[in-house]
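Peer 1: Below is the structure, and that's it, no one-letter string:
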C-alpha cells in the first residue's frame, strides 16, 4: 500500500483559534479508495481536521494536496468532495428527489439524465420508493442514507463523513456501519470518517488515525492499533487495558510488585519507571499447577458477570491497591471453578505485554 | 495544554510555518459585496446623519458684540468710535451674561439708538474688529473685512449682525441654564417610570391570565391586546380628550383634575405600550418549567408561595426586559404628550418645539443628545438581560399546563374583560368622535369629518401617501433586512466586517425616531451632500422608516436564520452550487413565515409612525399619521380621530389579509412541516 502515490496529503497542518491550538503540525496520507477514520475523544481536533480538508475552516498553516494539486487555501466550492454531517443537513422543504438532485441540476444536464441518476442513487442506498417524501417523513436511518446519496451524487473524488452515525440508535447504527462500508467498497470512493466511537472505527476503517489534544497519536490498521498501541493514550482509548506500574530490571526484564516478568521492551534504561499494559483478554489462565514464563498465583477479589464472559479483578502478589482485570469465558470459569476469594494461576504472555514510559497517568 | 501552547508559540517564533491565506471564492466575493452595500446603506442612513447631528449639537453660536464698532454722523461729522457691546447693554438689547444664539439669530444695530428713525438724515458706520465676531450682512452680502462701511439710516435697518460660531459645550450650557428646558428631563423620566410600573403590572397580570388560567376566549383577548400596535400613539390622546377633556363625556370622574398633563400622558402611554410589554412577558411565562410547579406542589407550598418562589423568579428577565422596552418607548414617544400633554413639557416634545416651532436646530440637537442617553442605557441593559433570558430558554423544560379553577379563572376572565374594554373603549370613543358632526353641540352622525381635503394636513392624499410609504417600506425593507441578515449569518470569514454590520443593525433600536428625523434634516438638507436630492421626497421617508425599524426586523430575520442547520451552506458548497441557489431554493422558503412577519411589521409601523417622518415630509408627501398630528394641532380633533381610525382600519385589514396569505403560503410551500 505504501508504494502507491497518496491521493490526499496533509503536511504540517496547524490550526489556531486565538491562542488555543486545535491542531498541531498534523501530517498524514490517504490513499486512493481507502477508508480512513479519525478517532479520538471530543475536543481532540478530529472534526477541525476534517473541516480543514473540506475548506470549511481553513488551517492557520500547513498544506493539503488532493490528487496531486495543492488545495490548501481553496474555498469548499473549488474542492472535490462530498460531505455528510451528523445532522444530515437535508433541506427540509425539498423532497428526497430534489435533495439528491440538488447538486446534479444545471443548465447543461438534461432533466431526464438527472432523474435517472437520482433513481440509480435511491436504488443504491436501498430506498427506491421514498423519492416523493419530505425528509421529516423519514426515519433517522433513512435520512442518513439520503444524505449519503446526495453527497455521492456528483461522484466526488473524496467522501467526508462527520460523525454520520452518532445521531442514530444503537441497532440502526450497527446495521448502517455495514451498509456504508459496503457502499464505499462498491464505489471505491476514498473516504474519511470522523468518529469518537472506537467500535465504529475498528469495524469500518482500513486505517485509523488516533488523535488527542490536536496531535496524531498513532496511524495504523485496526489490528495494529489494537494489538500494538503506540502510546499509553491509544492503549487506554481503544478497548480495555490494564495499566500496572513497573520498573525495568534489565534487558527484557521488568519488575511488577514481587514478580519478575519477561517482556519485549527495548529502549528503556535499567531502573526506569514504566507502565506495564496488558489487555484483560490476554491474561491467560493456566491449569492449577501450571508452569511457564510469567506465570503466577493471583487472588480473585471480585467477579463481574458481563453476559458472554466474566471480568475478574485479580490481586497480584506484592502489588498493593493495584488490580489486574482479566476476562474469562463462562466455560473456563465453570471448568476451573473460579469464584470470589479463590486462587487462580495466570500467565501474562510476554508478546502481549506492552511497556510505556512514565509514571502512572491512567487506570 | 500549557505545553502545547508553548510549542505553538515556538513554531510562530521560529517562523517555520507559512500562514495559509484562504482564497475567496466567487460566492465569498458576492456575499461580501451584498453585505458591503447594505452596510453602506446603514452608514448613510444612520451613522452619518447621527454623526452630523452630534457635531451640530457642539456647534454653539453666540453674539460677540465686543468685536463690532460703530460711528454716527448726525450732520456734524463722525462722532467718537462706539463699542457695540456697550451700546447694546445700555439699550438692554442683550443680556451681558448670556449672549447665546442660534445660527439663524441676527441683531439689527438700529436698536442701539433710541433716537433712531429710518427717515432721519443721520449716517452710520459699522465695522468688525476681529474675525471672531462673525461679521455682518449688509445689502445681502456677508461682510467680514475690517473696513468701515457707511449706511444711511434707512439702510441700517437692514444691516444684520451675525453671531459667531464656536465649537464647544455652549449649547449644553445654554440648555442646562434654561429651567423650562432641562426640567423636561425630570418630567420625561417621571412619566416614563410611572407608565412603566403601571404597564408592566397590568401586562403581567394579563399575561398571567393568558398563560396560567383556563379562562375561555384566550385567543380573542390576546388579539384585542395587540390592537394598540395598529394605531398611532396620537390616537389614545385624542380619545382621552373626548372622554375627560374640557368638554369631555365623563370628565367628572377626574374630580376636577385636568387630563391635559401627566395623567393623560400616562394613560395614553399605558394604552400604547401594553402590547409590547405583553408579548415579552407572555414569552417569559410560557417558558416556565412545569416540573418546578409539580415539585412545589409536592412540597405542599401555598399558591402565594409558589407565585413568589417559582413564577416571579422564572419571569424576572422577561419583566426586566419588558420594563426597559416600555421605558424606552415612553421616554421617546412624542405622539401622546403632544396631544394630551398640555403645558407639561417632555424631552420628545421639546425637540419638536425647538425644531418646528422655533427653528432652533442646534438646541433641537442638544435635546436629542440628552434624549439619546436614557434610550442608549436602556438599550444596553436590555441586551444584557436578554442574553441571560436566552440561556433560560434553551434549557429543556416541560410545558406548564394550567388546571381549571372556577374562582381563579373567573377573576382572570373579569380582569381580561376589563383590559379589553379599556382598549376597545378608547377606539370606540375615537370612532364615535369621528362620526359626530360637531361635539358637543350637534350629536347627529355623519361623514363630514372625513372630508379631509378641506382641512390642514394634506387631505386624502396623505392617506394615499401613507399606504405608499407602508408598501415601499415593507417591500424594500424586507429585502434589505433579510438579505443583510443572511450575509451576516451565513457568510464565511470576514469576522470584523460582520461584527461591524451587526453593530450597525442593532443601533436603530437605541435611536428615538425624532432624533433620527432631526439627524436626517442636518444630513440630507445640506446642499453639499450628494444625497441632498432625496430631501423632501418619498424615498427619504422610506429610507428613514426602514432604518428606524431596522433592528426588530433584523432580529426576527437572524432568529429565523439561526434556526436553520448551520451545515446547509457547507453541503451546498460541496455540491458546487452558488449561494443564491441555496438562498432562493431553501433559505427563503424555509424562512417565509419570518419574512412575512417582517413585512407586516414594517408596514404597520410605517402607517403609524409620526416621530421620524414629522421632520421630513414635504407638501407632496404628507402622511396620514402626520395629518392626525397637524389636524389635532389646528383644533380639528374630530377629523384627526377620523384619520387615526382610517390608519387603524387599514392596518387591521392588512393584518387580516397577511394572516390569510400566510396560511395559504404555509399550506403550499411548507407542506414539509407536516409529517
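Peer 2: Received the coordinates, thanks. Here the structure is a predicted model, which means the values were calculated and not measured. Numbers count the residues shown, from 1 in each chain, chains lettered A, B, ... in the order given.
Peer 1: where in chain B is pLDDT low?
Peer 2: The model of chain B has pLDDT under 70 over residues B:1-17, B:94-104, B:388-398, B:669-675.
Peer 1: Which residue of it lies farthest from its centroid?
Peer 2: Computed with CA atoms, centre = their mean, the residue of chain B farthest from its C-alpha average is residue B:76, at 63.2 Å.
Peer 1: does residue B:432 sit in a helix or strand, and which one?
Peer 2: Per DSSP states H and E, residue B:432 falls inside helix B:406-435.
Peer 1: whoops, I mixed them up, residue B:595
Peer 2: Counting by DSSP H and E, residue B:595 is found in helix B:588-608.
Peer 1: Show me which positions of the very next helix or strand once past that helix end up buried.
Peer 2: Downstream of helix B:588-608, the next assigned helix or strand under DSSP H and E is helix B:624-633. By neighbour count on 16 or more other CB atoms under 10 Å in any protein chain shown, the buried set for helix B:624-633 is B:624, B:625, B:626, B:627, B:628, B:629, B:630, B:631, B:632. Where C-beta positions appear, they are placed from N, C-alpha and C, glycine not excepted.
Peer 1: could I get those as JSON lines with distance to residue B:293?
Peer 2: Formatted as JSON lines, the buried residues of helix B:624-633 follow (distance: CB to CB, whole Å):
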{"residue": "B:624", "distance to residue B:293": "48"}
{"residue": "B:625", "distance to residue B:293": "45"}
{"residue": "B:626", "distance to residue B:293": "50"}
{"residue": "B:627", "distance to residue B:293": "51"}
{"residue": "B:628", "distance to residue B:293": "46"}
{"residue": "B:629", "distance to residue B:293": "48"}
{"residue": "B:630", "distance to residue B:293": "53"}
{"residue": "B:631", "distance to residue B:293": "52"}
{"residue": "B:632", "distance to residue B:293": "49"}
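Peer 1: and residue A:250, how many residues sit next to it?
Peer 2: Residues near residue A:250, counting by other CB atoms under 10 Å in any protein chain shown, number 11.
Peer 1: Kindly report the same for residue B:87.
Peer 2: Applying other CB under 10 Å, I find that residue B:87 has 18 neighbouring residues.
Peer 1: Setting aside sequence neighbours, what's the nearest residue to it?
Peer 2: Excluding the flanking residues, the one nearest residue B:87 by CB to CB, 6 or more residues apart in numbering or on different chains is residue B:112, at 4.0 Å.
Peer 1: I'd like to know which elements the helix holding residue B:595 is packed against.
Peer 2: helix B:459-490, helix B:538-548, helix B:550-562, helix B:624-633, helix B:637-669 (3 or more CB pairs under 8 Å, 6 or more residues apart in numbering or on different chains; DSSP states H and E).
Peer 1: Nearest to chain A, out of those helices?
Peer 2: Judged by CB to the nearest CB, the one of the helices and strands packed on helix B:588-608 that comes nearest to chain A is helix B:637-669, at 7.0 Å.
Peer 1: so who does residue B:526 touch?
Peer 2: Residue B:526 makes contact with B:52, B:532, according to CB atoms under 8 Å, 6 or more residues apart in numbering or on different chains.
Peer 1: what helix or strand is it on?
Peer 2: Under DSSP H and E, no helix or strand contains residue B:526.
Peer 1: Just to be sure, the residue farthest from the centre of chain B is in a strand?
Peer 2: No: counting by DSSP: H, G, I helix; E, B strand; the rest coil, residue B:76 is located in no strand; its state is coil.
Peer 1: how many neighbours does the closest residue to residue A:15 other than its chain neighbours have?
Peer 2: Leaving aside its sequence neighbours, residue A:15 sits nearest to residue A:23 (CB to CB, 6+ apart; 4.1 Å). Residues lying near residue A:23 (other CB under 10 Å) number 26.
Peer 1: My read is that residue A:23 contacts residue A:17, right?
Peer 2: No: counting by CB atoms under 8 Å, residue A:23 sits too far from residue A:17 to count as a contact (10.0 Å).
Peer 1: mean confidence for the helix or strand containing residue A:310?
Peer 2: Using DSSP H and E, residue A:310 falls within strand A:309-315. Averaging pLDDT along strand A:309-315 gives 89.
Peer 1: And it, what's buried?
Peer 2: Of all the residues in strand A:309-315, those buried under the rule 16+ other CB under 10 Å are A:309, A:310, A:311, A:312, A:313, A:314, A:315.
Peer 1: would TSV of those residues with distance to chain B be doable?
Peer 2: Formatted as TSV, these follow (distance: CB to the nearest CB, whole Å):
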residue	distance to chain B
A:309	38
A:310	39
A:311	34
A:312	37
A:313	33
A:314	36
A:315	36
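Peer 1: How about the residues of the stretch 151-300 of chain A by chain B?
Peer 2: Contact residues (CB under 8 Å from any CB of the partner chain) of the stretch 151-300 of chain A with chain B: A:151, A:153, A:154, A:156, A:213, A:214.
Peer 1: what's the straight distance from one end of stretch A:261-277 to the other?
Peer 2: 13 Å (CA to CA, to the nearest Å).
Peer 1: what ranges of the stretch 1-150 of chain A fall below the confidence cut-off?
Peer 2: Within the stretch 1-150 of chain A, the ranges that satisfy pLDDT under 70 run A:1-3.
Peer 1: make it 80
Peer 2: Flagging of the stretch 1-150 of chain A using pLDDT under 80 yields the residue ranges A:1-4, A:106-107.
Peer 1: Can you show me the strands along it?
Peer 2: Remark: strands assigned in the stretch 1-150 of chain A by DSSP state E, counting those that start in this stretch are A:8-17, A:20-30, A:35-39, A:61-66, A:69-70, A:82-84.
Peer 1: Other residues contacting the fourth one?
Peer 2: What that stands for is strand A:61-66. Contact with strand A:61-66 is made by A:7-14, A:25-26, A:52-53, A:70-72, A:79-80, A:157-158, B:17-20, as judged by CB under 8 Å, 6+ apart.
Peer 1: try it again with 6 Å
Peer 2: Residues from elsewhere that reach strand A:61-66, judged by CB atoms under 6 Å, 6 or more residues apart in numbering or on different chains: A:8-14, A:71-72, B:17-20.
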